[in-house]
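[1] Give me the fold of what follows.
(one chain, ligands or ions: 1)
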Amino acid sequence: METRSLVTIAKHSKEKLLYLIEMAQEFERHPNRKILDGKIVATLFFEPSTRTRLSFETAANRLGAKVIGFADPKVTSGTKGETLKDTIMMVSNYADIIVMRHYLEGAAQYASEISPVPIVNAGDGANQHPSQTMLDLYSIYKTQGTLENLNIYLVGDLKYGRTVHSIITAMRHFNPTFHFIAPDELAMPDYYKMYCKENNIKFYEHQDFDANTIADADILYMTRVQRERFTDLEEYERVKDRYLLKEDMLFRARHNMKILHPLPRVNEIEYSIDNTPYAYYFQQARNGLYARQALICDALGITLDDIKKDKTIIA
Ligand code: CP
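    Now for the predicted structure:
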């Protein structure tokens, strides 16, 4: 079924990404409006979440929509054996758009093929997290003033971290140089390295993580080791604390460098860094509100022009 679903950011053109950034800027100027008055947004979270669910729900609430859904699949009829297909078909009877996080890779694609209403992928297993990428792009744009020609260092769990997979596909339009810093066990999957080669994206791989290695970074994108994706917990124990960013590693950092992290943080960034001008992860999470307001509107067919002409702004 053809809808305005967002399954992967990889399908978006450069123009579309910049258009969505402009839309997010409009919402940052005026986040409280009634432009979605009468709409119902469903949030179906089959996996735990703090930021993604709450920022989508805040985005909807601040635009005048009503929100239904669940944060824990244990309270749903899935526990009685209801399939994902039937759940989606049912919820589409009630809601105008479905925001879904699911533990299975490909679940969002499947849902988008059967759903009569748009599906927004809020993370599918270790695969993709397109709405996170939209707020990451917005954060990079705001802090660097451009998305073009940046040195982006991705650090930590590059194997299971869906946010780093999504950001590579989106940044292909902007001539980035990526640096992948991960232990062997958590290295960037071959699929994404091949993707870089096919799209002429420069990338380098490192195992050292020190002041010299990161001195050229414009963006230092830290990630959590994804405990929930490991089948061997001994392996998780071996790698979980391999890369901790310490404040004394920043003495050579560029003045414009910003540290991003999709959060939650476990043990990747020393807490004292929070008070430095390099830390941007909490503002990044705030940017998620505006980026997700843009994504909900786009999925519902509301254009930037509609938003610019909108007269429902609440002071
Ligand atoms: N960044 C992110 O996806 O956070 P949550 O898991 O809390 O939604």
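[2] in the stretch 1-150 of the chain, which spans are helices?
    Ranges of helices in the stretch 1-150 of the chain, per DSSP state H, counting those that start in this stretch, are 14-29, 51-62, 84-91, 107-114, 130-144.
[3] out of these, which comes closest to the ligand?
    helix 51-62 (3.2 Å; C-beta to the nearest ligand atom). Every C-beta, even on glycine, is put in place using the N, C-alpha and C of the backbone.
[4] so does the closest one get close to the ligand?
    Yes: applying C-beta under 6 Å from any ligand atom, one finds helix 51-62 touching the ligand at Arg51, Thr52.
[5] elements contacting that helix?
    Applying 3 or more C-beta pairs under 8 Å, 6 or more residues apart in numbering; DSSP states H and E, we find helix 51-62 packed against strand 40-45, strand 66-70, strand 97-102, strand 119-124, helix 130-144, helix 281-299.
[6] and that helix, which residues are buried?
    Under the neighbour-count criterion of 16 or more other C-beta atoms under 10 Å, helix 51-62 has Arg51, Thr52, Arg53, Ser55, Phe56, Glu57, Thr58, Ala59, Ala60, Arg62 buried.
[7] ok, now stretch 215-222?
    For stretch 215-222, by 16+ other C-beta under 10 Å, it's Ala217, Asp218, Ile219, Leu220, Tyr221, Met222.
[8] Convert that stretch to CSV, retaining C-alpha atoms only.
    Taking Å, rounded to 0.1, in the frame of the first residue of the first chain, the C-alpha atoms of stretch 215-222 are listed here in CSV:
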residue,chain,number,x,y,z
ALA,A,215,41.7,15.7,17.1
ASP,A,216,40.2,16.4,13.6
ALA,A,217,36.6,15.6,14.6
ASP,A,218,33.8,18.0,13.9
ILE,A,219,31.3,15.6,15.3
LEU,A,220,32.2,12.9,17.8
TYR,A,221,29.2,10.6,17.9
MET,A,222,29.3,8.2,20.9
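[9] what does it contact?
    Stretch 215-222 is contacted from outside by 136, 140, 143-144, 150-156, 163-164, 167, 179, 214, 243, 245, 252-254, 256-261, 265, 268-269, 278, 281, using C-beta atoms under 8 Å, 6 or more residues apart in numbering.
[10] Residues of the chain that sit close to the ligand?
    Within the chain, the positions lying close to the ligand (C-beta under 6 Å from any ligand atom) are Ser49, Thr50, Arg51, Thr52, Gly123, Gln132, Pro262, Leu263, Pro264.
[11] Let's have these in a markdown table, adding distance to Tyr195 and pLDDT.
    As requested, the residues of the chain next to the ligand are exported to a markdown table (distance: C-beta to C-beta, whole Å; pLDDT from 0 to 100):
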| residue | distance to Tyr195 | pLDDT |
| --- | --- | --- |
| Ser49 | 26 | 97 |
| Thr50 | 29 | 97 |
| Arg51 | 26 | 97 |
| Thr52 | 24 | 98 |
| Gly123 | 19 | 96 |
| Gln132 | 18 | 98 |
| Pro262 | 20 | 97 |
| Leu263 | 25 | 97 |
| Pro264 | 27 | 95 |
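[12] picking up where we left off before, and the furthest pair within the buried residues of stretch 215-222?
    Asp218 and Met222 (14.3 Å; C-beta to C-beta).
[13] I only care about the contacts of stretch 215-222 that end up buried; give me the ChimeraX line for that.
    Selection of the buried residues among the contacts of stretch 215-222 in ChimeraX, burial being defined by 16+ other C-beta under 10 Å:
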select :136,140,143,144,150,151,152,153,154,155,156,163,164,167,179,214,243,245,253,257,258,259,260,261,268,269,278,281
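[14] from the contacts of stretch 215-222, which ones fall inside strands?
    Among these, the members falling in strands are Asn151, Ile152, Tyr153, Leu154, Val155, His179, Lys258, Ile259, Leu260 (criterion: DSSP state E).
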